[in-house]
Structure formats: structure tokens, C-alpha cells
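*Asks:* 3D model of this:
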Amino acid sequence: ENRAAIEQALAALADNASTLSSHAGRTDPARRYLGDSLEHDAREALDRYRDGHFDGAAFQIQQATENCVACHTKLHSPGTSPAAEHFVDRSALASLPLAERARLEVATRRFDEAVASYEKLLASPKIPPSEMLTPLVDYLIVEVRVKGEFERAAKTLARFAKRPDLWRHLRSDVDEWIHALRELRPLASSAPDLAKARELIERARSIAKVPADSGPLVHYLVASSVLQRFLATTPPPSNRDAAEAYYLLGLAETHVGD
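*Replies:* Below is the predicted model:
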């Protein structure tokens with residue numbers, strides 16, 4: 001009985017996704033890419049729904065939220081969006097596992113609720129640490145890039161580090177992240193500087209014992225925050241500086257992103 005409303009909503013999502021390109025403007029190719037990706041995912045979901053492949057359509061919509069998360073966690077946010085108030089907590093979505101719920105809260109720019117969900121997840125003794133690796137990174141992305149609350153993140157990690165079931169390498173990584181958060185905290189409010197981002201990435205590489213080492217995660221994450229803010233400056237950086245910034249951002253995101 002909801003078919004007409006669902007089709008209309010999926011079509012509106014696909015049509016409106018294209019407006020992200022005009023919102024991004026000439027100097028933001030990353031947001032234009034995300035807009036194109038969101039439109040593709042929404043149209044794929046609409047086609048699957050019309051063909052009766054409802055599970056596939058639902059999966060495609062869930063994948064589409066990755067575009068929202070990627071866009072909404074690039075830069076510092078002045079606050080939580082009032083438009084999506086109670087979108088999750090007063091619907092069936094409230095019963096989702098905490099990690100999925102937190103991702104939806106980030107996708108709808110309900111950052112305060114997302115932080116609370118992540119912190120509740122990290123404090124849960126019922127969930128093994130092996131299932132918290134992605135939520136740990138997602139939580140740090142929100143706290144560092146979106147909210148700039150380095151000290152709160154460090155305190156949360158300090159409580160997490162007291163768990164008796166952490167394996168030795170993860171405990172070492174968490175200790176490294178806590179130290180880096182407190183050391184790099186001044187960069188949360190400093191003017192974005194390309195040279196500083198370059199230095200942070202060089203330091204991260206020197207810390208890593210092997211290429212896949214997670215120890216320098218916070219250095220890469222803070223570097224990505226500096227670079228995102230640098231690319232968003234007005235007037236925009238020169239083509240040469242923007243090219244280097246995107247290259248460095250790519251290096252950082254290989255260690256930060258999914």
C-alpha cells in the first residue's frame with residue numbers, strides 16, 4: 001500500500017541528488033562526484049523497486065547513505081541539523097544495531113546523537129572489540145573533522161583502552177591515538193595550511209612500522225581535516241596547490257576511509 005509514496009520518494013531523491021553538483025560549484029569536484037554517485041545509487045534503487053526487487057532496492061538505498069556520510073564528514077559542522085530531528089529515534093530505525101544507527105545519524109547530520117551512539121557502542125561489554133574497528137574510525141572522523149572535540153575523543157578512547165579483552169596490538173594503537181589526539185589538538189582551530197598537512201603525512205609514514213599499520217591513523221585523519229579545510233578556503237587555492245592537496249588527501253584517505 002506504500003508503493004506510490006515510495007516510488008515518488010525514490011524519484012525525488014534521484015532528481016534532487018543532481019542539484020548537489022550545482023551546490024558544489026566549480027571549485028568542488030569532490031562534492032560533484034558524490035552528487036553523481038548519490039544520483040546513480042538512487043536511480044538504481046528506483047529501477048530495482050519498480051522491477052519488484054525490493055531487497056535489492058533496500059540494499060542500494062543503504063549503500064547510498066555512504067555518499068551522505070562522506071559529504072557530511074568532510075568539514076566542521078556548525079551544529080546538528082534540525083531537519084532530521086527524531087528521524088531515527090522515533091521510527092523503526094531506532095532498533096537497528098548501534099553501528100548502523102550511528103551511520104544513519106551521521107548521514108542525516110544528527111552528529112550529537114551519532115556521537116552518543118558510538119560512545120554507547122564502544123562502552124558495551126557485550127560487543128567484542130573485533131567488531132568495533134570500523135566504528136572506532138567512524139567515531140574519530142566525526143569527533144576530529146566534524147566536531148573538533150579532540151579531548152572528548154581521547155577520554156572515550158582512554159575508557160575503551162581499559163577493556164581487558166583488547167589484544168596487544170589494538171591496545172598499542174589506541175594508546176597511540178590518544179597521544180596523537182592530545183598532541184595535535186591545536187590544529188583543530190588553526191588556519192588550514194598545506195605545508196602542515198604535508199608534514200603530518202610525512203610523520204605518519206615515519207610512525208608506521210608497515211604500510212597497513214593503524215598507529216598513525218589520527219595523524220592521517222587530522223591531515224585530511226586540514227586538507228579538506230584548505231580546499232574549502234576562499235579564495236580557492238591555486239590549481240597547483242589544489243592538485244597537491246587532492247593527492248595528499250588521497251594518501252590520507254587510503255588509511256582513513258573504507
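
*Asks:* what's near enough to touch the closest residue to residue 124 other than its chain neighbours?
*Replies:* Nearest non-adjacent residue to residue 124, counting by Cβ to Cβ, 6 or more residues apart in numbering: residue 98, 7.4 Å away. For glycine as for every other residue, the C-beta is placed from the backbone atoms N, C-alpha and C. Listed by Cβ atoms under 8 Å, 6 or more residues apart in numbering, the contact set of residue 98 reads 117, 118, 120, 121, 124, 135.

*Asks:* buried subset of those, written for ChimeraX?
*Replies:* Burial among the contacts of residue 98 is assessed by 16 or more other Cβ atoms under 10 Å; the matching ChimeraX selection reads:
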select :117,118,121,135
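
*Asks:* can you redo the contacts of residue 98 as CSV with secondary structure?
*Replies:* Output for the contacts of residue 98, formatted as CSV (DSSP: H, G, I helix; E, B strand; the rest coil):
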residue, secondary structure
117, helix
118, helix
120, helix
121, helix
124, coil
135, helix
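
*Asks:* now do the end-to-end distance for stretch 156-166.
*Replies:* End-to-end distance of stretch 156-166 (Cα to Cα, to the nearest Å): 15 Å.

*Asks:* what's it in contact with?
*Replies:* Contacts with stretch 156-166, where a contact means Cβ under 8 Å, 6+ apart, come from 119, 122-123, 125, 128-129, 136, 139, 143, 171, 174-175, 177-178, 181.

*Asks:* now stretch 60-69
*Replies:* By Cβ under 8 Å, 6+ apart, stretch 60-69 touches 10, 13, 34-35, 37-38, 41-42, 44-45, 48, 103-104, 106-108, 258.

*Asks:* the same query, at a cut-off of 6 Å, please.
*Replies:* The contact list for stretch 60-69 (Cβ atoms under 6 Å, 6 or more residues apart in numbering) reads 34, 37, 38, 41, 42, 44, 45, 106, 107.

*Asks:* I appreciate the help and will end here.
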